[in-house]
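> quick one, fold the following:
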Amino acid sequence: MVFIAIEGVIGVGKTTLARYLEGALDAALLLEVFEENPFLSAFYQDRDRYAFQTQIFFLLSRYQQLRELNHLLPPIVSDYMFAKDALFARLNLRGDELATYERVHLALNENIPQPDLVVYLRAETPVLMQRIAVRDRPYERSMDERYIDRLRQAYEQFFAAYKQRPLLVIDTNALDIIQREEHRQQVIQQVRQVVEGGPRQQLLPGMEQNGLPVALHFSTPADLDLPATRRRLGDFQRFHRELDQVKGFPSDLLLNFVGLQEEIGELARALRQAQGTTHESTTRKHIREELADILAYVLKIANYTGVDLEAAYLEKMAANKARVWDNGG
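Numbers count the residues shown, from 1 in each chain. Next comes the predicted model:
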């Protein structure tokens with residue numbers, strides 16, 4: 001299943017983006033039924049008095065909706081995630097009411113599917129207030145700017161510590177996905193790239209078998225996700241950062257450069273052997289191992305110098321593509 005949840009503060013544009021993604025991804029759409037909450041209008045007038053009733057109604061409504069998720073065909077796009085309900089509760093409830101709510105939330109959370117991707121739409125408080133005013137919902141006309149700002153801060157803190165699922169953060173302060181087609185397509189493309197694994201390198205000659213890609217397998221730490229169809233240079237850089245921390249490998253630049261030179265020397269010897277040997281499989285294995293060692297050192301040096309290797313490579317290749325080469329020389 002591909003289940004995408006769009007999140008963000010009131011007025012940021014969650015439902016709008018979810019509707020656009022419905023068409024762009026040919027997805028099933030799951031929208032929050034907040035207008036059915038009979039306590040919502042009263043809550044905005046007197047939050048302390050109506051917070052508990054409002055929160056419990058939302059909790060049960062969202063739970064019932066998400067329990068039906070398995071009846072929809074993927075991909076599925078929703079304009080909320082179940083975890084955000086607790087974020088509102090901790091902002092609006094206190095004491096026994098909060099304790100009661102958290103017990104119910106914990107029990108219900110175990111029985112619902114979790115999103116495969118969370119898209120967090122970020123915006124500053126003045127922008128949010130402007131968007132709330134433009135859409136002009138009757139029960140939001142008396143919206144307290146201080147409440148929206150507290151909610152915005154709570155969202156920022158929540159997603160700063162969010163580790164459960166892949167997270168895509170999009171700053172929408174300068175975006176208008178309703179009026180500006182280019183802005184809309186920019187955001188849709190960002191989501192599509194994450195869902196589809198991002199821009200992929202074309203298969204190199206010799207990496208096919210009977211016309212199909214050869215599956216790649218190797219052992220990685222259990223907490224490092226490197227699906228074979230979605231590997232990027234950034235994934236490998238992240239792997240080496242984590243591996244260096246776990247193993248305590250030295251980060252001295254000169255030492256790692258010397259190690260890189262040694263591996264290049266080993267590769268040179270393997271290539272010389274390849275010219276005069278009949279043991280092709282053994283030689284190919286040797287070359288393969290040395291190339292892997294060289295790549296590892298390059299990735300490590302990029303990490304230690306703060307270089308995004310994939311971005312650097314793409315920029316360099318774009319420059320090379322634009323160059324005029326003197327093939328006669």
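> domain assignment for the chain?
What automatic domain parsing lists as the domains of the chain is 3-196, 214-322.
> rank those by pLDDT, which is bottom?
When the domains of the chain are ranked by mean pLDDT, domain 214-322 comes last with a mean of 77.
> from the chain's centre, how far out does it sit?
How far domain 214-322 lies from its chain's middle: 25 Å, per C-alpha atoms, centre = their mean, to the nearest Å.
> got the buried residues for the longest helix seen in the chain?
For the chain, the longest helix by residue count, based on DSSP state H, is helix 280-304. Residues 283, 286-287, 290, 293-304 are the ones in helix 280-304 that count as buried (16 or more other C-beta atoms under 10 Å). All C-beta spots, glycine's among them, are computed from the backbone N, C-alpha and C.
> likewise stretch 157-171?
In stretch 157-171, counting by 16+ other C-beta under 10 Å, buried: Phe158, Phe159, Leu168, Ile170.
> mind picking the two most distant members of these?
Largest separation among those by C-beta to C-beta: Phe158 and Ile170, giving 15.8 Å.
> what's the local residue count around Gly23?
A count of nearby residues for Gly23, using other C-beta atoms under 10 Å, gives 11.
> contacts for the helix or strand hosting it?
Using DSSP states H and E, Gly23 sits in helix 14-24. In this structure, residues lying in contact with helix 14-24 by C-beta atoms under 8 Å, 6 or more residues apart in numbering are 4, 6-8, 27-29, 31-32, 77-80, 119, 121, 177-178, 184, 187-188, 191-192.
> distance between the next helix or strand after that helix and the chain's centre?
Moving toward the C-terminus from helix 14-24, the next helix or strand (DSSP H and E) is strand 28-30. Centroid separation for strand 28-30 versus its chain: 20 Å, with C-alpha atoms, centre = their mean.
> tell me the buried residues in strand 28-30?
So for strand 28-30, counting by 16+ other C-beta under 10 Å, buried means Ala28, Leu30.
> what do you get for stretch 55-71?
By neighbour count with 16+ other C-beta under 10 Å, stretch 55-71 contains the buried residues Gln55, Ile56, Phe57, Phe58, Leu59, Ser61, Arg62, Tyr63, Gln65, Leu66, Leu69.
> next one: stretch 20-38
Tyr20, Leu21, Glu22, Ala24, Leu25, Ala27, Ala28, Leu30, Glu32, Phe34, Asn37.
> quick check, nearest of the buried residues of stretch 55-71 to Phe88?
Nearest member of the buried residues of stretch 55-71 to Phe88, counting by C-beta to C-beta, is Gln55, at 6.5 Å.
> I'd say that closest one and Arg90 touch.
No. Look at Gln55 against Arg90 with C-beta atoms under 8 Å: they stay out of range, at 10.0 Å.
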